[in-house]
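Undergrad: take this sequence and fold it.
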Amino acid sequence: MIYIFSLIDKPGSGELRQRVRPEHKACLAAMADRIAFAGPLVTDDGRTMLGSLLAIEFDSRDAAHAWLADEPFTRAGLYASTSIHAFVNLWPQKAGFPA
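TA: The predicted structure is shown next:
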């Protein structure tokens, strides 16, 4: 099952995000074959960070929660809020993961 992670940063946490980013990217790289998509959430200016949106395949919701608990940004205290939702892709697209 694919799980969508909506992860919103704490205000004023840009320095923390930059400092922990290499560890976060390494964590994602280790599971690249399970990532449908991943990227930043930004304001309408396209540059100001709000958080992250990830779509990752896990065997269960418990596994998704366990991964998030050990994810570097989570351990560093970056997020003000997190949510995880199961996702079923029903719309064919030109890029990304298969329907």
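Undergrad: so which residues of the protein form helices?
TA: Assigned by DSSP state H, the helices in the chain fall at 14-29, 61-70, 72-76.
Undergrad: got the ones you listed as TSV, with mean neighbour count, mean pLDDT and distance to residue 54 columns?
TA: Every residue, glycine included, has its C-beta placed from N, CA and C. Shown next, in TSV, are those (neighbours: other C-beta atoms under 10 Å; pLDDT from 0 to 100; distance: least, C-beta to C-beta, whole Å):
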stretch	mean neighbour count	mean pLDDT	distance to residue 54
helix 14-29	13	96	8
helix 61-70	14	98	9
helix 72-76	16	98	11
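Undergrad: for these, give me CSV that also has distance to residue 49.
TA: As requested, those are exported to CSV (distance: least, C-beta to C-beta, whole Å):
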stretch, distance to residue 49
helix 14-29, 6
helix 61-70, 18
helix 72-76, 11
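Undergrad: run a quick neighbour tally on residue 43.
TA: Residues lying near residue 43 (other C-beta atoms under 10 Å) number 9.
Undergrad: which ones are touching the residue positioned nearest the centre of the chain?
TA: The centre of the chain sits closest to residue 54, judged by C-alpha atoms, centre = their mean, with a distance of 3.3 Å. Residues near residue 54 by C-beta atoms under 8 Å, 6 or more residues apart in numbering: 4-5, 7, 28, 35, 37-38.
Undergrad: looking at those residues, which are in strands?
TA: 4-5, 7, 35, 37-38 (DSSP state E).
Undergrad: can you say which of those are buried?
TA: Neighbour-count burial (16 or more other C-beta atoms under 10 Å) applied to the ones in strands among the contacts of residue 54 gives 4-5, 7.
Undergrad: could you dump these to TSV with pLDDT and distance to residue 70?
TA: Formatted as TSV, those follow (pLDDT from 0 to 100; distance: C-beta to C-beta, whole Å):
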residue	pLDDT	distance to residue 70
4	97	18
5	98	13
7	98	14
